[in-house]
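Undergrad: give me coordinates for this.
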Amino acid sequence: MEACKDKIRVGVLGATSYTGAELVRLLCFHSGASISYVSSQSYEGKALSSVFPALSGICDDTLLSPQEAAATDADCVFSCLPHAASAELLLPIIDRGIKVIDLSADFRLRDANVYKEWYCDDKHPAHAAPHLLEKAVFGLCEHYRDRIAGASIIANPGCYVTSVLLPLLPLYKGGVKIEWVIADSKSGVSGAGRGLKQNTHFPEANENFSAYSIGHKHRHTPEIEQELSAAAGRPVTITFSPHLLPVNRGILSTIYIRTDSSAAECADIVKKFYSGSDFVRIREPSDLPQISSVVHTNYCDIAFTGGGGGQPVIAVSALDNLVKGASGQALQNMNIMFGLKETAGLLR
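TA: From the prediction side, this is the model:
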């Protein structure tokens, strides 16, 4: 796809992942961006549309190797590569002064030791670029717009993380006294990526509903706690319990909050905080968020209910894990970085 000089030239690493294909689809209809290249280690030399036939006639570009991509000109590069591999392959691109938006976890955690505990293994024993962690900006658009606007490295938040932080951060920033939080979250199967795993194999996931990585074992837990602690100005811990839904896409989080504030008070704080945000919608307790209302959109719907009589306030949030939870939020970050309208390419 030929880039226009007046458009942002964009490269996509890992374009054959679910998030990569979703990002390409969004970029192809973005009036202010043009795809400079698409890249894939596994499908190098093939047309992207041969891997995803739905993109035929939309993006038929030939997939470059990551090495070829690193030497190709672009104004902004999105990385949809796996954790650990992403930072390593982004280094030569960052060294060339190109802005990057990383959809992996490689730049989300500010402490390299915490990153090592959760993401490193024998193949990747340490973070590839620990010196860049302080430079990276956590790309939760509604909370860090000013920093995102001047950033050169964006760490796109995790999908579960976005669904939990959007309802909670305004409360912590607003000084609401919170004793504890339990986040019970459910995700569609695409959240696990395209790689084959037994629990996401169709006979295992279909007509099933299961919990996994519970008991402070899920990788998104330190990411959530990092941001809540920064907002509260003190250490915050959370009980996070993820579940696998037998649907393709979408996340629904039910969050139990032990607080003296009422559900109505919490809703009012959150509604005021997001009054200038196009992609967060506050719903009434009689109209709780649901996945079907947000799939294929960049919206996050939030409602508050419960509370009173010593019972916890309950926040419910819903978003599309591939859009607001990944590629849509990444595009929103690009819009902010380059001074475009935040909704560009995301609302029609």
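Undergrad: and the residue nearest to Pro66 when sequence neighbours are not counted, what helix or strand is that in?
TA: Distances taken as CB to CB, 6 or more residues apart in numbering place Leu89 nearest to Pro66, at 4.8 Å, with adjacent residues excluded. No exception for glycine: its C-beta is placed from N, CA and C like everyone else's. Here Leu89 sits within helix 85-95, counting by DSSP states H and E.
Undergrad: check which helices and strands the helix or strand that comes right after that helix sits against.
TA: Remark: after helix 85-95, the chain's next helix or strand is strand 99-102, criterion DSSP H and E. If contacts are counted by 3 or more CB pairs under 8 Å, 6 or more residues apart in numbering; DSSP states H and E, strand 99-102 sits against strand 76-79, helix 85-95, strand 153-155, helix 328-337.
Undergrad: identify each buried residue in the first one, please.
TA: By neighbour count with 16 or more other CB atoms under 10 Å, strand 76-79 contains the buried residues 76-79.
Undergrad: Cys76 pairs with what?
TA: Beta bridges link Cys76 to Val10, Lys99 when assigned by DSSP bridges.
Undergrad: Leu347 contacts Gly328, correct?
TA: No - taking contacts as CB atoms under 8 Å, Leu347 lies outside contact range of Gly328: 10.4 Å.
Undergrad: okay, those two: which has more neighbours?
TA: Gly328 (25 against 12; other CB atoms under 10 Å).
Undergrad: on that earlier part again, put together TSV for the buried residues of strand 76-79, with pLDDT and distance to Ser152 on each row.
TA: Shown next, in TSV, are the buried residues of strand 76-79 (pLDDT from 0 to 100; distance: CB to CB, whole Å):
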residue	pLDDT	distance to Ser152
Cys76	98	10
Val77	98	11
Phe78	98	14
Ser79	98	14
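Undergrad: find the residues that touch each one of Leu347 and Gly328.
TA: Residues touching both Leu347 and Gly328 (CB atoms under 8 Å, 6 or more residues apart in numbering): Asn298.
Undergrad: quick revisit: format the buried residues of strand 76-79 as CSV; extra columns: distance to Val189.
TA: Listed next are those as CSV, based on distance: CB to CB, whole Å:
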residue, distance to Val189
Cys76, 29
Val77, 28
Phe78, 23
Ser79, 22
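Undergrad: how about residues contacting the helix or strand of the chain with the lowest mean pLDDT?
TA: Using mean pLDDT, DSSP states H and E, the weakest-scoring helix or strand in the chain turns out to be helix 202-205, at a mean of 80. Counting contacts by CB under 8 Å, 6+ apart, the residues outside helix 202-205 that touch it are 189, 198-199, 244, 246.
Undergrad: what about this structure, any weak spots by pLDDT?
TA: Along the chain, segments meeting pLDDT under 70 span 1-5, 196.
Undergrad: now do 80
TA: Counting by pLDDT under 80, the ranges of the chain that qualify are 1-5, 192-201, 348.
Undergrad: break it into its domains for me.
TA: 8-135, 160-322 (automatic domain parsing).
Undergrad: nearest to Ala149, of those domains?
TA: domain 8-135 (11.4 Å; CB to CB).
Undergrad: before we move on, back to that, what's downstream of the least confident helix or strand of the chain, the next helix or strand?
TA: strand 210-211.
Undergrad: which strands or helices does the helix or strand following that following strand pack on?
TA: Moving toward the C-terminus from strand 210-211, the next helix or strand (DSSP H and E) is helix 220-232. Other helices and strands packing on helix 220-232, by 3+ CB pairs under 8 Å, 6+ apart, are helix 112-119, helix 159-173, strand 178-187, strand 239-244.
Undergrad: winner for burial among the ones you listed?
TA: With neighbours defined as mean count of other CB atoms under 10 Å, those peak in mean count at helix 159-173, which reaches a mean of 25.
Undergrad: report the inter-axis angle for that one versus helix 328-337.
TA: Taking axes from the mean of the first three to the mean of the last three CA atoms, to 10 degrees, one finds helix 159-173 and helix 328-337 inclined to each other by 60 degrees.
Undergrad: which elements pack onto helix 159-173?
TA: Taking 3+ CB pairs under 8 Å, 6+ apart as contact, the helices and strands that helix 159-173 lies on are helix 141-149, strand 178-187, helix 220-232, strand 239-244, strand 251-259, helix 263-273, strand 300-306, strand 313-319.
Undergrad: which one of these is the most hemmed in?
TA: Of the helices and strands packed on helix 159-173, the one with the most neighbours on average (mean count of other CB under 10 Å) is strand 313-319, at a mean of 26.
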